[in-house]
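In: predicted model, plus sequence, below.
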Amino acid sequence: MRVWAAAWLVVLAGTSCTPPVLVTVSGPVKDLGDNGPLAGVEVCWQGQEQCTQTDADGRYSIKDVPENSELMLSLQADAYALGVVPLTVTKGDHEVAPVSLGSTLLMELQSGLIGADSIPGRGQLVFGVSNGIAGDGINVPEITAALEPPSGDGPFYTTPAGLPNTQLTATSVNGSGVMVNLEPGRYTLNLSGLKRGCTMVLGWGEPQAIEFEVLADRVTYIRIECL
């Protein structure tokens, strides 16, 4: 009996030491205003001190990311709002959906439209429900969002032109919304009105209950696709 027990301990020890499979995470960064590529954006893997910059085509690449893991990328560029992108990496090299950074001027315009000044040390959330067809300008309307635990101001849903409007009570065909002045921490965004067939693009967890983290003075981007 002791011999068999010792043998099983050896097997378990060998299994627990199996190194994780490492993959590459890459994707494009664009300008929210004109949808053009953004070169020179610093992209860092939060917590790992691994950073790179986007090339002339606005693309970045982060290597040696473990499969089946959650990670956050931070994005920084002159004259643009600081960004955070939560990702779920499954198997194989991961192509990240395009992330569009808003300029600091655009973010100031947004604050004026919703009548909520940005509070230093708080963060923002930009969420989107896409129809999965790139460039058609049409996404998923009539989706409502609620934050758990409650924090900050919003949600403020965006018009078909992509600007927040305090009179909207659900997403328009733009499919997006914002929340501002959120305390730093981990949250869940609960979405109501989703149909079947939605998948996670940016964020953690499930499409109906997207988990993400807010960092001080940064904008977190999350997104799902509903085909």
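Out: Right, received. Where do you want to start?
In: identify each buried residue in the longest strand anywhere in the chain, please.
Out: Across the chain, the longest stretch assigned as strand under DSSP state E is strand 22-31. By neighbour count with 16 or more other CB atoms under 10 Å, strand 22-31 contains the buried residues 23, 25, 26, 27, 28, 29, 30, 31. Backbone N, C-alpha and C define where each C-beta goes, glycine included.
In: quick one: which two of those residues are the most distant?
Out: Among the buried residues of strand 22-31, the pair separated by the greatest distance (CB to CB) is 23 and 31, at 27.8 Å.
In: could you point out the helix or strand that follows the longest strand of the chain?
Out: Counting by DSSP states H and E, the element after strand 22-31 in chain order, helix or strand, is strand 42-45.
In: chain center to the helix or strand just after that following strand, what's the gap?
Out: The element immediately downstream of strand 42-45 (helix or strand, assigned by DSSP H and E) is strand 50-53. The chain centroid and the centroid of strand 50-53 are separated by 18 Å under CA atoms, centre = their mean, to the nearest Å.
In: residues of strand 50-53 that come out buried?
Out: By neighbour count with 16+ other CB under 10 Å, strand 50-53 contains the buried residues residue 52.
In: and that strand, what does it pack onto?
Out: Here strand 50-53 touches strand 42-45, strand 59-66, going by 3 or more CB pairs under 8 Å, 6 or more residues apart in numbering; DSSP states H and E.
In: rewinding a little: dump the buried residues of strand 22-31 to CSV, plus distance to residue 180 and pLDDT.
Out: Output for the buried residues of strand 22-31, formatted as CSV (distance: CB to CB, whole Å; pLDDT from 0 to 100):
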residue, distance to residue 180, pLDDT
23, 34, 96
25, 28, 97
26, 30, 97
27, 25, 97
28, 26, 97
29, 22, 97
30, 22, 96
31, 21, 94
